[in-house]
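> pasting the structure only:
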């Protein structure tokens, strides 16, 4: 009877200490119990498959619901070789804008399901087509958060640092951010050095509210994934979003991104060409071909 009571008490109390247990035993022991406590629901859970420490190029770990049918935390870190259905496939395929790009210290963005960190791997050389290989780290939470939080961002950074060391990527450790930085607010005339730098010196039409335009720029101009928006300061509504993906990315993901977001008239298909730095603009429903610009045209050399 006493044993049964003790066992029952342990079962009821387990959700309280689960985050610290999983932090110590999963994902190479790199996580924080306090951060997991903000991401995991207060219910009985179970660990999912953990491949950290296996030496593989794709590392996974996480936490599932007690029946094992659904995840509550899914962690993946993988070397992206540019193959068609790689780790960024979901982000490229789903029609969406990169709304939440992280500050310059974190090379990534808040994706469809959670933080995504993308780092170049100088120690792994280049793939068969001469592109740099990248380490992609994703942290997905199910039903816990719908917006970027310090807990999920710091968890993603911890995983990225662990995976960087295990895979031999050579990207170097990322600093743990204290918070999710808000985007910088600039006047169009001060947008030089952002993706909206072309607005400097332009005569813009009057905003719908009659108030001044402002530029929201979340990232530094040298980030591999960057973004800015032109916003009516009177209503807070964005009239234009610009997302930039810089580097020698595989061509296939961009083909999927275009096919999901852009309608190209029959017989007007662009010729195939090597992948290059691109810029995507979105202003309401897109019904035209997007324009690609070399990066030097967006950020002219001084």
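Yep, that arrived. The model shown is predicted, which means the values in this text are computed figures rather than measured ones.
> Quickly note the distance from residue 200 to residue 239.
17 Å (Cβ to Cβ, to the nearest Å). Where you see a C-beta, it was placed from the backbone N, CA and C, and this is true even at glycine.
> Revised request: answer the last question for residue 19.
42 Å.
> neighbour-wise, which of these two wins?
residue 19 (23 against 16; other Cβ atoms under 10 Å).
> ok but the more buried one is inside a helix, no?
Yes: in this structure, residue 19 lies within a helix as judged by DSSP: H, G, I helix; E, B strand; the rest coil.
> And the helices in the stretch 51-200 of the chain?
For the stretch 51-200 of the chain, the helices defined by DSSP state H, counting those that start in this stretch occupy 89-93, 150-167.
> Which among these is found nearest to residue 56?
Taking Cβ to Cβ, helix 150-167 is the member of these nearest to residue 56, at 8.4 Å.
> packing partners for the closest one?
helix 33-37, strand 58-65, strand 71-80, strand 115-120, strand 134-141 (3 or more Cβ pairs under 8 Å, 6 or more residues apart in numbering; DSSP states H and E).
> can you tell me which residues contact residue 88?
Residue 88 is in contact with 80, 116, 118, 136, 253, counting by Cβ atoms under 8 Å, 6 or more residues apart in numbering.
> So which of these is the closest to residue 35?
For those, the nearest to residue 35 is residue 116 (17.4 Å; Cβ to Cβ).
> Now for the spatially closest residue to residue 59 that is not a sequence neighbour: which residues touch it?
Spatial nearest neighbour of residue 59, excluding adjacent residues (Cβ to Cβ, 6 or more residues apart in numbering): residue 77 at 4.6 Å. By Cβ under 8 Å, 6+ apart, residue 77 lies in contact with 58, 59, 60, 135, 136, 137, 138, 159, 160, 162, 163, 167.
> how far away is the fifth one from residue 175?
When Cβ to Cβ is the yardstick, residue 136 and residue 175 sit 19 Å from each other.
> ok, these two, which is more surrounded?
Legend: neighbour count by other Cβ under 10 Å for residue 136 and residue 175, higher for residue 136 (21 against 9).
> these two touch, right, residue 215 and residue 230?
Yes: taking Cβ atoms under 8 Å as the definition, residue 215 is a contact partner of residue 230 at 6.1 Å.
> Who has more neighbours out of these two?
More crowded of residue 215 and residue 230, by other Cβ under 10 Å: residue 215, with 25 against 20.
> mind listing what the strand or helix carrying that one pairs with, with the direction of each?
Counting by DSSP states H and E, the element that carries residue 215 is strand 213-217. Strand 213-217 sits in its sheet next to strand 184-186 (antiparallel), strand 225-232 (antiparallel), going by DSSP bridges.
> Just name the most buried of those.
strand 225-232 (a mean of 22; mean count of other Cβ atoms under 10 Å).
> What ranges in the stretch 101-250 of the chain fall below the confidence cut-off?
101, 103-104, 143-146, 218-225, 246-250 (pLDDT under 70).
> go with 80
Counting by pLDDT under 80, the stretch 101-250 of the chain has low-confidence residues at 101-105, 111-112, 127-131, 142-148, 180-184, 193, 195, 217-227, 243-250.
> residues near the nearest residue to residue 123 once chain neighbours are set aside, how many?
Nearest non-adjacent residue to residue 123, counting by Cβ to Cβ, 6+ apart: residue 170, 3.0 Å away. For residue 170, the neighbour count with other Cβ under 10 Å is 14.
> What residues of stretch 61-69 count as buried?
Buried residues in stretch 61-69, counted by 16 or more other Cβ atoms under 10 Å: 61, 62, 63, 64, 65.
> circling back: just grab the bridge partners of the residue nearest to residue 59 for me.
For residue 77, the beta-bridge assignment (DSSP bridges) gives partners residue 59, residue 137.
> where's it relative to residue 158, distance?
11 Å.
> Likewise for residue 209?
On the measure of Cβ to Cβ, residue 209 and residue 158 end up 43 Å apart.
> the more surrounded of those two?
residue 158 (23 against 12).
> Retrieve the pLDDT associated with the residue lying closest to the more buried one once chain neighbours are set aside.
Among residues not flanking residue 158 along the chain, residue 30 sits closest, at 4.9 Å (Cβ to Cβ, 6+ apart). Residue 30 is assigned a predicted lDDT (pLDDT) of 91.
> Next, format the strands paired with strand 213-217 as TSV and append distance to residue 89.
Shown next, in TSV, are these (distance: least, Cβ to Cβ, whole Å):
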stretch	distance to residue 89
strand 184-186	31
strand 225-232	15
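> Residue 112 is nearest to which of those strands?
So among the strands paired with strand 213-217, strand 225-232 is nearest, using Cβ to Cβ, at 14.1 Å.
> Report the inter-axis angle for the closest one versus strand 115-120.
For strand 225-232 against strand 115-120, the angle by axes from the mean of the first three to the mean of the last three Cα atoms, to 10 degrees is 130 degrees.
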